[in-house]
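# Only the shape, not the letters, is given here:
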């Protein structure tokens, strides 16, 4: 049996859908399935089914057929059939099959109904991935299916056996034959030993890389064909921000969540986290909400609405205050607390907690917040991300770091007789006019008034 440690974790912590069990699951467990509880909304159950399994179904059909178009057509039909079956199970509160092997069984039957199993489209491309696809397409149909199920879709041997309707030992033999043939074909294509293929040195390690989705909008297309309106779920895109990839979920006219793409925060993790936080599924699409590209390019909020309704009033007030910080400027925690009109007791802790839990990183720019001493509050970001975002907004990081080390909190101008936060444009006048202060009291004692633009903390206190 394969090592369970090499298998990906379940994508969906949903009681009615165990996406992928351990590799040691038996045939009896697969056919018996999981116990269902009463489902309040069958459409919501179906949306989750599509969210978790759409890519796997599409990839499976694409790799056994060699055609993305066939995968589109057959995959949508698979989910139409799955929806009809799901409604029956939900209505009767019955036990259902495990979704991943069950869906692969439907997909394999659909592929057989569409074309001859031997009718595989030829692979295109001379790179290592193209050579691997060509070698895979040349395998006999049953062997190719077994290899794709085990090493591309990454089912267990028992699950793959259930899909193909044969003993697990037969699948093991088919996979072994398939891997040996792939090694032979790749070595022949490279006109040398397989070690000469640096990108794909070994099929066992290379095949999972073919599991990447080839149709960004396939899940949304499957839902549309099934008659599920987009208002029933959120959509999300992956855009490029200055600090890297950024997942942005949106629906009902507002952004509903964001997350930076990291090694730990993958698309699957973002989808599951969004579901747990909002109760709504996030389905990947390629169409960004209006105003997002402008915000990522300029850092200006403009008309892009962010849905803060699920937060408690204090957190919402903090994040609204942070959104009010202009592009390229910083504000201390005390300024944020005063702008958010937080109660005096524990205001700083409330601000820091809201920043650390910010469900809208980058769009709610907590990289523009600092501790009162001037050091950045970057709890919501991975290491160095805050510096990247600040530099992208044109902030002079060495200058700011130098001021912080010297204990400077405000910069005054002898020309205007006002004092500002260090990043305020009004305070960035000619060097000979600049005066530095460690606190508001020192600035007032020297006869300087608070800047009406960046409103230092002292100004907010005077107005309260």
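Yep, that arrived. Only a predicted model underlies this, so the values are computations on that prediction, with no experimental measurement involved.

# Okay, domains of the chain per the record?
For the chain, automatic domain parsing gives the domain ranges 4-211, 227-298, 313-402, 405-463.

# Of those domains, which is nearest residue 305?
Among the domains of the chain, domain 227-298 comes nearest to residue 305, with 4.2 Å by Cβ to Cβ. The C-beta positions use only the backbone N, C-alpha and C, and glycine is treated the same way.

# How far does that closest one sit from its chain's centre?
Mean C-alpha position of domain 227-298 versus that of the full chain (Cα atoms, centre = their mean, to the nearest Å) differs by 7 Å.

# and the end-to-end length of it?
38 Å (Cα to Cα, to the nearest Å).

# rounded to a whole number, what's the mean pLDDT of that domain?
Across domain 227-298, the average pLDDT comes to 93.

# i'd like the first residue to be 14 from this point on
Renumbered: residue one is now 14, and that last one reads domain 240-311.

# can you give me how far stretch 66-73 is from the chain middle?
With Cα atoms, centre = their mean, you get 18 Å for stretch 66-73.

# contacting residues around that stretch?
32, 84-85, 88, 91-92, 112-113, 116-117, 120, 161-162, 165-166, 223-228, 231-232, 235 (Cβ atoms under 8 Å, 6 or more residues apart in numbering).

# List only buried entries from those residues.
Neighbour-count burial within the contacts of stretch 66-73 applies to 32, 84-85, 88, 91-92, 112-113, 116-117, 120, 161-162, 165-166, 223-224, 226, 228, 231-232, 235; the criterion is 16 or more other Cβ atoms under 10 Å.

# From residue 361, how far out is the residue nearest to residue 301 when sequence neighbours are not counted?
Distances taken as Cβ to Cβ, 6 or more residues apart in numbering put residue 250 closest to residue 301, at 5.0 Å, once the chain neighbours are dropped. As judged by Cβ to Cβ, to the nearest Å, residue 250 and residue 361 stand 35 Å apart.

# got it, and residue 435?
20 Å.

# what's the answer for residue 172, then?
The gap separating residue 172 from residue 361 is 52 Å, by Cβ to Cβ.

# try residue 197
The gap separating residue 197 from residue 361 is 66 Å, by Cβ to Cβ.

# For the two, work out which one has more neighbours and name it.
Counted by other Cβ atoms under 10 Å, residue 197 and residue 361 do not tie: residue 361 has more neighbours, with 15 against 12.

# quick one, what contacts that one?
Residue 361 neighbours (Cβ under 8 Å, 6+ apart): 346, 347, 350, 385.

# That one: helix or strand, and which one exactly?
According to DSSP states H and E, residue 361 maps onto helix 360-369.

# Regarding the nearest residue to residue 232 once chain neighbours are set aside, what is its secondary structure?
Closest residue to residue 232 apart from its sequence neighbours, by Cβ to Cβ, 6+ apart: residue 67 at 3.7 Å. Residue 67 falls in the helix class when you classify it by DSSP: H, G, I helix; E, B strand; the rest coil.

# State the pLDDT value of residue 67.
94.

# Also residue 226?
At residue 226, the pLDDT recorded in the model is 71.

# Next one: it from residue 261, what distance?
Taken as Cβ to Cβ, the span from residue 226 to residue 261 is 18 Å.

# Over to residue 422?
Counting by Cβ to Cβ, the gap from residue 422 to residue 261 is 34 Å.

# same deal with residue 325?
23 Å.

# ok, these two, which is more surrounded?
The residue with more neighbours, out of residue 325 and residue 261, is residue 261; 26 against 10, by other Cβ under 10 Å.

# Excluding chain neighbours, what is closest to the more buried one?
Nearest to residue 261 is residue 271, by Cβ to Cβ, 6+ apart, at 5.1 Å.

# Which helix or strand contains the one you found?
Here residue 271 sits within strand 267-273, counting by DSSP H and E.

# what's in contact with that strand?
247, 249, 254, 256-263, 278, 283, 286-287, 290-291, 293, 295, 302, 305, 317-320, 372-376, 394-395, 398.

# In stretch 154-164, which residues are buried?
Buried residues in stretch 154-164 (16+ other Cβ under 10 Å): 155, 156, 157, 158, 159, 160, 161, 162, 163, 164.

# any chance of those residues in CSV, plus secondary structure?
Listed next are the buried residues of stretch 154-164 as CSV, based on three-state DSSP:
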residue, secondary structure
155, helix
156, helix
157, helix
158, helix
159, helix
160, helix
161, helix
162, helix
163, helix
164, helix
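
# Which one of these is nearest to residue 418?
Nearest member of the buried residues of stretch 154-164 to residue 418, counting by Cβ to Cβ, is residue 164, at 54.3 Å.

# Now the closest one: closest residue in space that isn't a chain neighbour?
residue 220 (3.9 Å).

# what's the spacing between that neighbour and residue 422?
57 Å.

# do residue 446 as well
18 Å.

# would you list every one of the strands in the stretch 364-477 of the chain?
382-383, 423-426, 431-433, 447-450, 462-463 (DSSP state E, counting those that start in this stretch).

# Tabulate those in JSON lines, adding columns for distance to residue 75.
Formatted as JSON lines, the strands of the stretch 364-477 of the chain follow (distance: least, Cβ to Cβ, whole Å):
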{"stretch": "strand 382-383", "distance to residue 75": "45"}
{"stretch": "strand 423-426", "distance to residue 75": "59"}
{"stretch": "strand 431-433", "distance to residue 75": "58"}
{"stretch": "strand 447-450", "distance to residue 75": "62"}
{"stretch": "strand 462-463", "distance to residue 75": "62"}
